[in-house]
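[1] Would you be able to build a 3D model of this:
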Amino acid sequence: MASGEEVVNKQIIFKDYITGFPKESDMFVSTGTRRLKVPEGSNVILVKNLYLSCDPYMRGRMKKTEGSYVESFKPGSPIRGFGVAKVLDSGHPDFKNGDLVWGITGWGEYSGLITEPEKLIKIQHTDLRLSYYTGTLASGAVGQLVGQSAKLSGCYVVGSAGSKAKAVPLLYCFARCFPEGIDIYFENVGGKMLDAVLLNMKVHGRIPACGMISQ
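    Have a look, this model is predicted:
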């Protein structure tokens, strides 16, 4: 694809702030064009998105909040999140055409001009699947990192994955996996999971609270 070429670009646009659970109608697909060239003399880069990550914390960004660790999405603008992308044009000395990067990008086939490319991480190990950089190898994969850290510390670790059938057998599963009770529960979801855990905690057990994404 030649530098300077004008291409069709589809983007996912955030419509307006939400209350409650997000709906498909809270966003829409916009089709426009994008010139594959950065302004002469600029320090910005332009990328083509290869993979985009949809993460639980993004629900919070759909609400209008003040003082959060991450700012709310801007109505009328593309949704933003972690992605893996390929540099198509660069005015930044640390990035060249063809480089693979991961970090925050806009939801679209082509990102808008990235004005702070130094916040992106250049992918060095291209022998791994690029999709791993949106999950297993990315900073947003909280449960994966907690589980690995606990195993390295010598803990007996049980992970719970989301499914429609999960809520029903929780108490049975906990009683079977932890016959003497739970020592440590890393809280990141709340809701029915927390309700079931509390009934199975050991006396003096510990619950580090990271978040309650179900609420």
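[2] how about the helices of this protein, start to end?
    57-61, 142-152, 170-177, 191-198 (DSSP state H).
[3] Switch the ones you listed over to JSON lines; also include mean pLDDT and distance to Ile114.
    Placement of C-beta: from N, CA and C, glycine included. Below are those laid out as JSON lines (pLDDT from 0 to 100; distance: least, C-beta to C-beta, whole Å):
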{"stretch": "helix 57-61", "mean pLDDT": "88", "distance to Ile114": "18"}
{"stretch": "helix 142-152", "mean pLDDT": "86", "distance to Ile114": "25"}
{"stretch": "helix 170-177", "mean pLDDT": "78", "distance to Ile114": "43"}
{"stretch": "helix 191-198", "mean pLDDT": "88", "distance to Ile114": "36"}
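[4] Relative to Tyr133, which of those is closest?
    With C-beta to C-beta as the criterion, Tyr133 lies closest to helix 142-152 of those, at 12.9 Å.
[5] where's the longest strand along the chain relative to the chain centroid, distance-wise?
    Longest strand in the chain by number of residues, with DSSP state E as the criterion: strand 80-90. How far strand 80-90 lies from its chain's middle: 14 Å, per C-alpha atoms, centre = their mean, to the nearest Å.
[6] what packs against that strand?
    strand 45-52, strand 100-106 (3 or more C-beta pairs under 8 Å, 6 or more residues apart in numbering; DSSP states H and E).
[7] Dump those strands to JSON lines, plus distance to Leu36 and mean neighbour count.
    Output for the helices and strands packed on strand 80-90, formatted as JSON lines (distance: least, C-beta to C-beta, whole Å; neighbours: other C-beta atoms under 10 Å):
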{"stretch": "strand 45-52", "distance to Leu36": "6", "mean neighbour count": "20"}
{"stretch": "strand 100-106", "distance to Leu36": "15", "mean neighbour count": "21"}
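[8] got a pLDDT number for the residue nearest in space to the middle of the chain?
    The structure's the chain has its C-alpha centroid closest to Asp55; by C-alpha atoms, centre = their mean the separation is 3.9 Å. Predicted confidence (pLDDT) for Asp55: 84.
[9] and the residue lying closest to Gln215 once chain neighbours are set aside, how many neighbours does it have?
    Leaving aside its chain neighbours, Gln215 sits nearest to Gly190 (5.1 Å; criterion: C-beta to C-beta, 6 or more residues apart in numbering). As a burial measure, Gly190 scores 14 neighbours (other C-beta atoms under 10 Å).
[10] mind showing which ranges of the chain have poor pLDDT?
    1-3, 136-141, 161-169 (pLDDT under 70).
[11] Let me see the ranges of the strands in it.
    Under DSSP E, the chain gives strands at 6-14, 27-35, 45-52, 80-90, 100-106, 121-122, 182-184, 201-206.
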